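A.B. asks: Take a look and give me a structure for this.
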Amino acid sequence: MKADAETIQLIEACKAKKRKAYKELYDRYAPVLYPICLRYTHSREDANDILHDTFIKIFDKIRTIKDNENLTAWMRRVTVNTALDFLRAKAETTLSLEIEQEASSQIETPPTYSRHDIQIIMQAISQLPDLRRIIFNMREIEGYEYADIAQRLNITESAARVNLNRAKQQLRDILTEIDPQIDQ
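C.D. replies: Residues are numbered from 1 along each chain as shown. Prediction:
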């Protein structure tokens, strides 16, 4: 999807390193990107750090965006990658240990949480362990393929599938606690 003239003008002003354009870009897109940051972490403080790092990368790399590229989609990719980098840096040792522990078996279960409102689902997602939450977000919300998830997290595709299935089961359990009618 080609960017509209106003967005192209804003991108060009950012490429020219105009402070006013940076502020406008931030003001326009921070509310769109912050929820993505929040989905990848338990803490608003960490989400704010991720958002800050995201905009540093966006401002640094905006010169690489093409006129025919969708700015919002590009910025979402930068945000997800920044969140993953942040989490990896924060807990690389813990993440590696959890990956090994989680890769042992697979549970196939269909999702049953679609009838709950977004706020309850997001609250339940935030209760997942880090690895499961990251994989759930990447696959179910951001639409990443298992191969991309595995490569980005340095795990096998089967470990990504196992963790996604366990995340879904854990979400089902959390949501069942909130509403016992969910399994009926």
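A.B. asks: Now stretch 88-106: average pLDDT?
C.D. replies: The average pLDDT for stretch 88-106 rounds to 54.
A.B. asks: can you pull out the helices in the chain?
C.D. replies: Using DSSP state H, the helices of the chain run over 5-15, 19-39, 44-61, 71-102, 118-126, 130-136, 146-153, 157-178.
A.B. asks: Single out the most deeply packed of the ones you listed.
C.D. replies: Among the helices of the chain, helix 130-136 has the highest mean neighbour count (mean count of other CB atoms under 10 Å), at a mean of 23. Where you see a C-beta, it was placed from the backbone N, CA and C, and this is true even at glycine.
A.B. asks: Show me what it is packed up against.
C.D. replies: For helix 130-136, the helices and strands in contact under the criterion 3 or more CB pairs under 8 Å, 6 or more residues apart in numbering; DSSP states H and E are helix 71-102, helix 118-126, helix 146-153, helix 157-178.
A.B. asks: And the contacts of the shortest one?
C.D. replies: When contacts are defined by CB atoms under 8 Å, 6 or more residues apart in numbering, helix 146-153 is touched by residues 81, 84, 88, 95, 99, 131, 134-135, 138-139, 144, 155-157, 159-161.
A.B. asks: swap in the second one?
C.D. replies: Around helix 118-126, the neighbours that count as contacts under CB under 8 Å, 6+ apart are R39, H42, Y113, H116, R133, F136, N137, L171, I174, L175, I178.
A.B. asks: switch to 7 Å and redo it
C.D. replies: Outside helix 118-126, the residues within contact range by CB atoms under 7 Å, 6 or more residues apart in numbering are R39, H42, Y113, R133, F136, L171, I174, L175, I178.
A.B. asks: Relative to R28, how far out is the residue nearest the centre of the chain?
C.D. replies: What sits nearest the mean C-alpha location of the chain, by CA atoms, centre = their mean, is V80, with 4.6 Å. Distance, V80 to R28, using CB to CB, to the nearest Å: 19 Å.
A.B. asks: Y146 too?
C.D. replies: Applying CB to CB to Y146 and R28 gives a distance of 33 Å.
A.B. asks: do the same with Q169
C.D. replies: Distance of Q169 to R28, computed by CB to CB: 38 Å.
A.B. asks: now do M122
C.D. replies: Taken as CB to CB, the span from M122 to R28 is 23 Å.
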